[in-house]
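[1] Need coordinates for the below:
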Amino acid sequence: MPGLCHIAMIFVAPERWGEGIGGRALGGVLEEACSRGYERAPLWTPADNARAQRLYKRHGFRRTGREKDDGLGEWIVHYERAL
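    The predicted structure follows:
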């Protein structure tokens with residue numbers, strides 16, 4: 001969709017959690033999206049992944065209220081932020 005930079009599949013190996021790697025990766029993606037003129041960045045994340053949700057909130061993402069089953073049996077929630 002024009003203007004949207006959908007973010008998916010940002011992972012950090014568990015043994016590296018807490019080192020700021022995810023924040024730097026996400027920050028780089030958002031910076032690149034801004035430089036390319038995208039207007040918004042939406043994403044879906046597991047409803048029970050509190051660590052990922054804290055990361056997204058720190059980077060300005062807010063829950064939109066949308067939730068759904070991902071088709072594989074996992075409940076996911078939607079986040080979005082302006083760029």
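[2] Tell me which residue is most central in the protein.
    What sits nearest the mean C-alpha location of the chain, by Cα atoms, centre = their mean, is Leu43, with 4.8 Å.
[3] tell me the pLDDT at His6?
    At His6, the model reports a pLDDT of 96.
[4] next one: the one 4 residues further on
    According to the prediction, Ile10 has pLDDT 91.
[5] Which residue, other than its chain neighbours, is closest to the residue nearest to the centre of the chain?
    Setting aside the residues directly before and after it, Leu43 is nearest to Ile7 in space (Cβ to Cβ, 6 or more residues apart in numbering), at 4.2 Å. Backbone N, C-alpha and C define where each C-beta goes, glycine included.
[6] The residue nearest to the centre of the chain: which element?
    Leu43 is located in strand 40-46, with elements delineated by DSSP states H and E.
[7] Kindly indicate whether the residue with the largest distance to the centre of the chain is helix, strand or coil.
    Within the chain, Glu15 marks the point farthest from the mean C-alpha position, 20.4 Å out by Cα atoms, centre = their mean. Three-state call for Glu15 (DSSP: H, G, I helix; E, B strand; the rest coil): helix.
[8] Please read off the pLDDT at it from the model.
    98.
[9] From Ile21, how far off is it?
    Distance of Glu15 to Ile21, given as Cβ to Cβ, to the nearest Å: 11 Å.
[10] try Cys34
    Counting by Cβ to Cβ - Cys34 and Ile21 are separated by 21 Å.
[11] Could you list the buried residues of stretch 21-38?
    Buried residues in stretch 21-38, counted by 16 or more other Cβ atoms under 10 Å: Gly22, Leu26, Val29, Leu30, Ala33, Tyr38.
[12] nope, stretch 75-83 is what I was after
    Ile76, Val77, His78, Tyr79, Glu80, Arg81, Leu83.
[13] quick one: the first one and Arg63 touch, right?
    No. Under the criterion of Cβ atoms under 8 Å, Ile76 lies out of contact with Arg63, with a separation of 11.3 Å.
[14] residues touching the residue lying closest to Ala41 once chain neighbours are set aside, list them.
    Closest residue to Ala41 apart from its sequence neighbours, by Cβ to Cβ, 6+ apart: Cys5 at 4.8 Å. Neighbour list for Cys5: Val29, Ala33, Arg36, Tyr38, Arg40, Ala41, Leu83 [criterion: Cβ atoms under 8 Å, 6 or more residues apart in numbering].
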